[in-house]
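Q: Here is a sequence with its predicted model. Questions after.
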Amino acid sequence: VQLQASGGGLVQAGGSLRLSCAASGRTFRIYNMGWFRQAPGKEREFVAAISGSGGMPRYVDSVKGRFTISRDNAKNTVYLQMNSLKFEDTAVYYCAGAQSTIWAYWGKGTQVTVSS
């Protein structure tokens, strides 16, 4: 599966952005999908994930209550709605896909910059 993330940009602290990740292939629904991010000078970290059916969303503690992951299998797309953005959310965001516990498929990142 090939993944293409979009929707990043520059936003003020407290603002919102919605990231999208479009996937190729007819079997999108069998993949667990996730979002990761990497800030300058830091390691890539897990942000959120969702199962193939759209259930079982999970989040890193730092974004709980502010970010929402969702997917539309008819559109082969996974979303990350980001509200109440903070300066520390600034990073390159990547979407990823997995059929098991291994994130085997990665898209190119999209830059999110939050100004304080």
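A: Noted; the coordinates are in hand.

Q: Now stretch 32-51: buried residues?
A: 32, 33, 34, 35, 36, 37, 47, 48, 49, 50 (16 or more other Cβ atoms under 10 Å). Heads up, the C-betas are built off the backbone N, CA and C, glycines and all.

Q: which other residues reach that stretch?
A: 19, 21, 23, 52, 56-60, 63, 67, 69-71, 78, 80, 88-99, 103, 109, 112 (Cβ atoms under 8 Å, 6 or more residues apart in numbering).

Q: Mind giving me the ChimeraX select for the residues you listed, buried ones only?
A: ChimeraX command restricting those to the buried ones, with burial defined by 16+ other Cβ under 10 Å:
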select :19,21,23,52,59,63,67,69,71,78,80,89,90,91,92,93,94,95,96,97,103,109,112
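
Q: Counting only strands, which of the contacts of stretch 32-51 make the cut?
A: The strands, defined by DSSP state E, take in 19, 21, 23, 58-59, 67, 69-71, 78, 80, 91-98, 112 from these.
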